[in-house]
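Asker: Sharing a model that was predicted from the sequence below.
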Amino acid sequence: MESLKPLLLLSIALLLDTLGTVLFKHGSNMSVQTTQTGWRGHVESIIGTLKRKEISLGVVVYIIEYIVWIGFLSTTAVSIAYPLSSINIILILIASSLFLGEKVGKRRWYGALMIIVGVFLVGGTA
């Protein structure tokens with residue numbers, strides 16, 4: 001059971017990181033209207049975006065993810081952990097397609113395949 005702990009922590013951290021990223025993107029896609037112009041308008045727009053519930057929830061998810069990630073790091077060498085975190089790129093690619101409706105072309109899927117191969121070569125000894 002102890003050998004499953006790192007894998008479980010990594011899986012949870014990756015899923016939370018993906019969820020947080022999707023929440024940030026979703027929240028930032030909803031533009032905030034401002035009556036100000038120039039830099040004041042930009043500041044007002046940024047503050048309005050930060051007040052969106054998706055952004056706030058994304059921050060909470062990221063805080064939990066970092067706590068889980070620290071737990072994972074306590075069980076795994078960083079030279080293995082960091083390459084394994086690249087799996088998140090694949091998960092975000094899939095999530096952006098499924099939940100955000102983004103188009104994912106062949107080149108991106110080929111790149112994702114290369115990342116998977118790299119993860120196994122560099123971090124696959126975990």
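Answerer: The structure has been received and is ready for your questions. Note that the coordinates shown come from a computational prediction; the quantities given were computed from them, not determined experimentally.
Asker: Please look at Val61 and Leu19 and confirm they touch.
Answerer: Yes: if you go by Cβ atoms under 8 Å, Val61 and Leu19 touch, sitting 5.3 Å apart. (C-beta placed from N, C-alpha, C; glycine too.)
Asker: Name the residues of the least confident helix or strand in the chain by mean pLDDT that come out as buried.
Answerer: For the chain, using mean pLDDT, DSSP states H and E, the weakest element among its helices and strands is helix 38-50, scoring a mean of 76. Taking 16 or more other Cβ atoms under 10 Å as the basis for neighbour counts, the residues of helix 38-50 that come out buried are Glu44, Thr49.
Asker: now it, how far from the chain's geometric center?
Answerer: Averaging C-alpha positions (Cα atoms, centre = their mean, to the nearest Å) puts helix 38-50 24 Å from its chain's average.
Asker: Repeat that for stretch 79-90.
Answerer: Per Cα atoms, centre = their mean, the displacement of stretch 79-90 from the mean C-alpha position of its chain is 11 Å.
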